[in-house]
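Undergrad: Need a 3D model of the following:
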Amino acid sequence: MATELTIEQFVEILKDKDIIKQEDLSVFQIIYSREGHKTYASQVGKIMKIGGTRPASPINLQIGRLAKRIAKKYDIDFTTRKNQKYKYWDLFFKGEDHGNLFIWELTPNLIKALEETGLTVSHFAIDSKQNTFWFVWNPDEWEWKDLEQNIEELRNTGKVTLRWSCKAHKKIKIGDRIFLVKTGDNPNKGIMASGQIVSEPFLAQHWNDENKNAYYVFIEFDTIINPYKEPVMVLDVFRNQQNRRVQFTNSNKDPLAFRVVPRFSGFRIKPEWIDELEKQWFEFLSKNNKLTDYQSEPLLNNLTYSEGSPLRVEQTRYERNPQARKDCIKHHGVTCKVCEINFQKKYGELGQGFIHVHHLNYLSEAKGNQKTNPIEDLCPVCPNCHAMLHKGKLTIDALKKILVMNQK
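TA: Okay, the predicted model is just below:
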């Protein structure tokens with residue numbers, strides 16, 4: 001008896017309306033749409049707006065029913081738990097503990113089957129857009145004892161994942177962007193870190209009161225600055241008769257005013273502010289040589305795999321930075337510089353704006369701090385060409401010649 005399904009079998013199942021229901025397909029499509037093709041069952045339930053306060057329960061039951069329908073047609077040997085019950089979910093997912101939570105990640109065969117059948121997009125997935133939130137660190141209330149150690153880990157590995165409390169948690173989801181602001185009475189207050197939410201909010205013992213619980217999330221930081229040793233992106237707070245504002249004064253341009261001073265973690269930043277905030281953060285990091293202080297190791301959520309190969313594309317800090325990407329695309333457009341594919345022309349609205357951004361200089365071979373110019377140092381490439389560029393450590397022109405030679 002088989003313990004897993006082949007790509008061909010998954011393709012058959014995805015096309016068989018007697019086996020797979022629309023709600024089952026939506027589960028796969030939502031998880032496919034998430035970073036790294038993985039998330040929690042409860043996150044899927046929240047997006048589908050089912051299950052109330054326990055959104056994971058109906059999703060687990062749904063996956064179990066689907067697995068049983070598949071077992072009627074295919075000879076499947078389900079994994080047995082210690083209590084002699086079956087694990088139905090591992091027919092479709094790889095499981096991974098993440099603190100107090102458990103992640104479902106689509107199996108490679110199911111991913112390829114969804115792509116082959118063109119069933120990767122769900123209206124639920126389209127609606128689940130990334131938000132950006134303020135997070136706060138007040139040294140007067142909590143001492144960050146491992147700050148230097150965390151910065152060193154980020155410098156050596158390209159990322160560091162930390163648990164952080166969040167008072168406002170209801171709208172936070174995996175993949176959301178965060179900016180960490182240092183507050184309190186200490187000097188050098190302002191934005192000192194940025195990153196991405198990599199877990200659903202969860203309850204655990206309060207960081208300052210063992211008799212209470214607090215909500216937390218895990219954050220994968222891409223930048224952390226030690227505010228006691230280096231400048232941060234300064235916040236000038238002032239009052240007027242109507243409201244409070246926050247100003248970012250890191251550039252010579254008119255400061256960007258925000259209507260709310262972040263007092264606690266989990267406060268959502270308005271969408272119309274985000275582009276300017278990302279731009280000023282990028283300019284600040286670039287000016288202070290913070291963009292290349294860390295090795296360019298790949299992040300799990302930004303890996304791309306070529307067909308039939310475990311090749312990983314290393315997307316550097318520049319390639320992932322929202323402002324660098326935006327400046328590159330604004331100048332160069334979204335047509336691949338190697339094979340000239342334009343995803344919008346080929347796939348219509350589905351492909352609008354889709355393209356990878358490649359760093360022309362391989363940062364893993366660079367020495368010392370270097371600044372980047374998004375127009376001169378970055379260029380748009382499709383995922384396939386991106387993989388080949390990194391595999392062969394090739395230039396754009398060299399890969400173009402290989403492509404032309406093999407098309408003859």
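
Undergrad: Could you use CA atoms for every contact and neighbour count after this?
TA: Noted.

Undergrad: Run through the chain and note the low-pLDDT ranges.
TA: 1-3, 52-53, 78-87, 99-100, 121-129, 158, 235-263, 291-323, 362-372, 408 (pLDDT under 70).

Undergrad: Spatially central residue for it, please.
TA: G175 (4.3 Å; C-alpha atoms, centre = their mean).

Undergrad: Look up the closest residue to that one, ignoring the ones flanking it.
TA: Excluding the flanking residues, the one nearest G175 by C-alpha to C-alpha, 6 or more residues apart in numbering is I197, at 5.3 Å.

Undergrad: again with N188
TA: Ranked by C-alpha to C-alpha, 6+ apart and with sequence neighbours excluded, the top spatial neighbour of N188 is P227, at 6.2 Å.

Undergrad: sec struct for the one you found, please.
TA: Assigned with DSSP: H, G, I helix; E, B strand; the rest coil, P227 falls in the coil class.

Undergrad: That one: neighbouring residues, count only.
TA: 18 (other C-alpha atoms under 10 Å).

Undergrad: give the contact list for it.
TA: Residues near P227 by C-alpha atoms under 8 Å, 6 or more residues apart in numbering: 182, 188-189, 192.

Undergrad: That one and V181: what is the separation?
TA: P227 sits 10 Å away from V181, going by C-alpha to C-alpha, to the nearest Å.

Undergrad: For W89, state which of the contacts of P227 is nearest.
TA: Nearest to W89 among the contacts of P227: M192, at 40.0 Å, using C-alpha to C-alpha.

Undergrad: quick one: that closest one is in a strand?
TA: Yes. Checked against three-state DSSP, M192 lies within a strand.

Undergrad: Now do the contacts for it.
TA: Per C-alpha under 8 Å, 6+ apart, neighbours of M192: 179-182, 223-227, 232-233.

Undergrad: Could you tell me which of those residues are located in strands?
TA: Of the positions in the contacts of M192, 179-182, 223-224, 233 sit in strands, assigned by DSSP state E.

Undergrad: Let me see the backbone angles for the nearest residue to H359 once chain neighbours are set aside.
TA: Leaving out its chain neighbours, the residue that sits closest to H359 by C-alpha to C-alpha, 6+ apart is L378, at 4.7 Å. Phi and psi for L378, reported as degrees, to the nearest 10, are phi -120, psi 150.

Undergrad: Let me know the distance separating L378 from Q280.
TA: Distance, L378 to Q280, using C-alpha to C-alpha: 19 Å.

Undergrad: now the helices for the stretch 251-400 of the chain?
TA: Secondary structure of the stretch 251-400 of the chain (DSSP state H, counting those that start in this stretch): helices at 271-287, 317-320, 322-332, 343-347, 374-377, 383-392, 396-407.

Undergrad: Mind putting those helices into TSV with mean neighbour count and distance to H169?
TA: Listed next are these as TSV, based on neighbours: other C-alpha atoms under 10 Å; distance: least, C-alpha to C-alpha, whole Å:
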stretch	mean neighbour count	distance to H169
helix 271-287	16	18
helix 317-320	21	25
helix 322-332	18	24
helix 343-347	14	36
helix 374-377	16	34
helix 383-392	18	34
helix 396-407	12	44
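
Undergrad: and these as TSV, adding distance to P201?
TA: Converted to TSV, the helices of the stretch 251-400 of the chain look like this (distance: least, C-alpha to C-alpha, whole Å):
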stretch	distance to P201
helix 271-287	21
helix 317-320	24
helix 322-332	24
helix 343-347	35
helix 374-377	35
helix 383-392	32
helix 396-407	42
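
Undergrad: For the residue nearest to G175, which residues are in contact?
TA: Neighbour list for I197: 173-178, 217-220 [criterion: C-alpha under 8 Å, 6+ apart].

Undergrad: Relative to D176, how far out is it?
TA: According to C-alpha to C-alpha, I197 and D176 sit 5 Å apart.

Undergrad: G348 too?
TA: 27 Å.

Undergrad: Now do the contacts for the closest residue to H37 other than its chain neighbours.
TA: Closest residue to H37 apart from its sequence neighbours, by C-alpha to C-alpha, 6+ apart: I31 at 5.3 Å. Listed by C-alpha under 8 Å, 6+ apart, the contact set of I31 reads 37-39, 44, 105-106.
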